[in-house]
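Q: Provided below for reference: sequence and predicted model.
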Amino acid sequence: MCGDHADITEVEMKRAGIVLLIVLAVLIQCCGCGRQVLKDTNTLDFESDDDTVDYKAANADGQFSLFYNSNSTTNPMTVEDSDNKLLCGLIYENIINVDNSFKTEEGIVADWSTEDGKTWVLQLGEGHTFADGNPVEADDVVYSLQTAASNRYSRRLSGWLYETVANEDGTVSVSLKSTNYQFPALLEIPVIEYNTFQNNHPIGSGPYQFAEEGGSLIPNDFYPSSKNLPVETIYLQTFSSVDDYISKFNDSTCDLVVNDPTTSDSTSFGSATQVRSYNTTNLHFVIFNLGDSCFQDHKLQHAMSLAFDRKYMVETLMQGNALEAYTPISPASTLYNGSLKKSLSYDLDACRKELAKIGVDDYDKDGLAEYMPEGSETALELNLSFLVCSDSPAKVAMAEKFASEITSIGIKVAVKSLAWEAYQEALQNGSFDIAYCEVKLTPDFDLTCILAPGGSANYSRGYDTVNTDNINAYLSADDSDRQDACDEMCEYIAEQASIVPICFEKHQIITHSGMVSQMTVSQESPLHTFAEWKIKMGN
């Protein structure tokens with residue numbers, strides 16, 4: 001239930017077989033500590049994106065174009081190519097939308113209700129029509145949900161869906177396997193017309209559709225504001241190489257790209273660009289191998305958790321492309337409770353004092369500390385390995401800073417930096433004491449896969465059923481009780497140091513300066529509000 005594609009990810013870069021992942025890794029300029037930033041850009045968070053920013057549109061050619069892989073599908077249920085995923089937001093509407101603060105918004109479904117959190121009734125809105133003129137009906141939504149649960153969105157939906165039915169009154173009933181009052185947050189799922197899954201380009205109800213001759217997107221005449229779309233034609237551009245990709249953006253052959261700024265091995269664009277950041281559910285966190293004898297009690301890992309400098313990670317290593325997180329709920333969410341920050345913030349002196357208090361000392365006088373758990377007569381050697389993926393310079397630098405500072409206060413920690421496949425193998429085998437991980441959570445911030453016994457990403461080997469109980473209580477809490485349940489879950493995680501949250505990534509939409517205004521975006525479907533954007537064509 002945690003992520004849609006992979007349990008532990010090194011973001012887009014690690015998805016084998018997708019050519020664009022290599023390309024996106026070269027869009028940003030190298031800057032200190034291995035971090036990557038764009039040259040000659042103006043970076044804005046979406047809350048500051050308005051018409052007061054006025055730039056000259058650079059190298060505009062009078063057309064609006066996006067990249068497209070003509071050798072791959074745009075079927076939203078199976079699409080893997082990153083460029084084609086982006087196009088899906090123009091062709092298909094979602095059942096429900098999730099905004100940049102992870103709040104649910106109306107999509108094709110205008111209203112949703114439940115009496116018990118287990119059976120939901122979805123009420124379709126009016127005016128949603130497929131590009132062939134057929135209205136979007138309950139059967140289409142049911143078909144899309146069932147298809148999504150068996151394909152691209154299986155990790156998100158398959159653990160929840162029990163039955164989905166189109167009712168005679170035009171509503172959709174969804175029965176869940178267990179209670180989840182946040183289930184609508186999982187429904188940012190594109191709708192395709194009934195019985196079109198086998199098509200390479202299924203019919204959608206979004207603002208645009210493929211032109212018959214190919215090579216462009218044209219308005220869906222049945223879309224409510226089809227006469228007032230930002231551009232009449234969206235031209236589709238292919239590319240043959242990394243250099244061709246960059247060149248086509250620089251000369252305005254292509255006008256927009258979505259970028260993950262946490263990747264490495266990058267170069268800069270030659271033209272002036274405008275960079276807007278948006279929030280993601282990509283959580284960076286640290287785990288301890290609970291199979292180790294020294295981590296049988298939570299006290300040692302809790303003390304060591306105070307030595308992780310989140311501010312350094314976010315501001316220096318990630319150049320501001322993340323949000324510091326002290327709980328596994330994004331600070332962009334209204335559920336995030338910042339009260340734990342004071343007790344969990346980076347503080348080496350507090351770490352040292354807590355270590356001494358719980359029995360960490362140099363018992364054999366060899367210059368390195370040992371750990372004497374409460375009630376034990378035998379001191380445990382503390383010679384720890386910190387596993388991190390070498391493909392992320394920022395993560396490696398963070399691990400090295402922690403290791404250096406913990407070693408300076410007597411606990412020997414050696415960083416084990418491995419390439420992706422070897423890193424994954426080490427996680428699976430438990431060949432680490434501490435590990436830096438990343439997971440793409442679902443917008444309901446379900447932590448089941450990380451913390452539940454037997455969870456697909458529970459690489460710490462944790463078997464604390466209290467975590468499972470707390471997660472279930474949080475997901476099954478209604479609006480009035482959700483904040484309290486969330487706080488209780490997060491406070492227990494912090495107390496036990498079940499995981500140590502570090503930050504949530506931000507990703508970017510990059511356009512030519514001054515070309516686009518009134519832009520809003522979401523993680524799953526960055527272009528779904530495209531019809532509301534203002535686009536300035538020409539110089």
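A: That came through fine.
Q: quick one, strands of the stretch 51-200 of the chain?
A: Listed in chain order, the strands of the stretch 51-200 of the chain (DSSP state E, counting those that start in this stretch) span 64-67, 96-98, 104-106, 109-114, 119-124, 161-166, 172-176.
Q: right, so of the ones you listed, which gets closest to Asn383?
A: strand 96-98 (44.7 Å; C-beta to C-beta). For the C-beta atoms, the positions are set from N, CA and C on the backbone; glycine is no exception.
Q: Now do the closest one, average pLDDT.
A: The pLDDT scores in strand 96-98 average 96.
Q: and that strand, how far from the chain's centre?
A: Averaging C-alpha positions (C-alpha atoms, centre = their mean, to the nearest Å) puts strand 96-98 15 Å from its chain's average.
Q: again, but for stretch 204-222
A: With C-alpha atoms, centre = their mean, you get 29 Å for stretch 204-222.
Q: quick revisit: what's the closest of the strands of the stretch 51-200 of the chain to Pro219?
A: Closest approach to Pro219 among the strands of the stretch 51-200 of the chain (C-beta to C-beta): strand 64-67, 12.8 Å.
Q: Serialize the strands of the stretch 51-200 of the chain to TSV and add fields for mean neighbour count and distance to Ser392.
A: Supplementary listing: the strands of the stretch 51-200 of the chain in TSV, determined by neighbours: other C-beta atoms under 10 Å; distance: least, C-beta to C-beta, whole Å:
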stretch	mean neighbour count	distance to Ser392
strand 64-67	22	25
strand 96-98	22	26
strand 104-106	15	32
strand 109-114	16	38
strand 119-124	19	38
strand 161-166	15	34
strand 172-176	19	36
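Q: Redo those as TSV? Include distance to Ser376.
A: Below are these laid out as TSV (distance: least, C-beta to C-beta, whole Å):
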stretch	distance to Ser376
strand 64-67	60
strand 96-98	48
strand 104-106	50
strand 109-114	50
strand 119-124	51
strand 161-166	48
strand 172-176	46
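Q: ok, Asp251 to Asp444 distance?
A: 42 Å (C-beta to C-beta, to the nearest Å).
Q: Comparing the two, which residue is more hemmed in?
A: Remark: of Asp251 and Asp444, Asp444 carries more neighbours, 24 against 13, as counted by other C-beta atoms under 10 Å.
Q: what residues are up against the closest residue to the more buried one other than its chain neighbours?
A: Once flanking residues are discounted, Asp444 sits nearest to Gln182: 3.9 Å by C-beta to C-beta, 6 or more residues apart in numbering. Gln182 is in contact with Asp444, Leu475, Arg482, counting by C-beta atoms under 8 Å, 6 or more residues apart in numbering.
Q: how about 10 Å then?
A: If you count contacts by C-beta atoms under 10 Å, 6 or more residues apart in numbering, Gln182 has them with 102, 104, 117, 335, 442-446, 474-479, 482.
Q: Pick the one among those residues closest to Met398.
A: Nearest member of the contacts of Gln182 to Met398, counting by C-beta to C-beta, is Phe445, at 22.4 Å.
Q: show me where pLDDT drops low in this structure?
A: By pLDDT under 70, the low-scoring segments of the chain are 1-60, 264-271, 538-539.
Q: can you do 80?
A: 1-61, 214, 262-271, 538-539 (pLDDT under 80).
Q: Lys506 sits in which helix or strand?
A: According to DSSP states H and E, Lys506 maps onto strand 500-512.
Q: I'd like the distance from that strand to the chain centre, please.
A: 8 Å.
Q: ok, that strand: who's next to it in the sheet?
A: strand 256-259 (antiparallel), strand 273-288 (antiparallel), strand 322-324 (antiparallel) (DSSP bridges).
Q: quick one on the thing from earlier: and the contacts of Gln182, which of them are in strands?
A: Using DSSP state E, Thr104 are the members of those that sit in strands.
Q: Show me which of the contacts of Gln182 are buried.
A: When the contacts of Gln182 are checked for burial by 16 or more other C-beta atoms under 10 Å, the buried set is 102, 104, 117, 335, 442-446, 474-477, 482.
Q: Apart from its neighbours in sequence, what residue is nearest Asp479?
A: Among residues not flanking Asp479 along the chain, Tyr181 sits closest, at 7.2 Å (C-beta to C-beta, 6+ apart).
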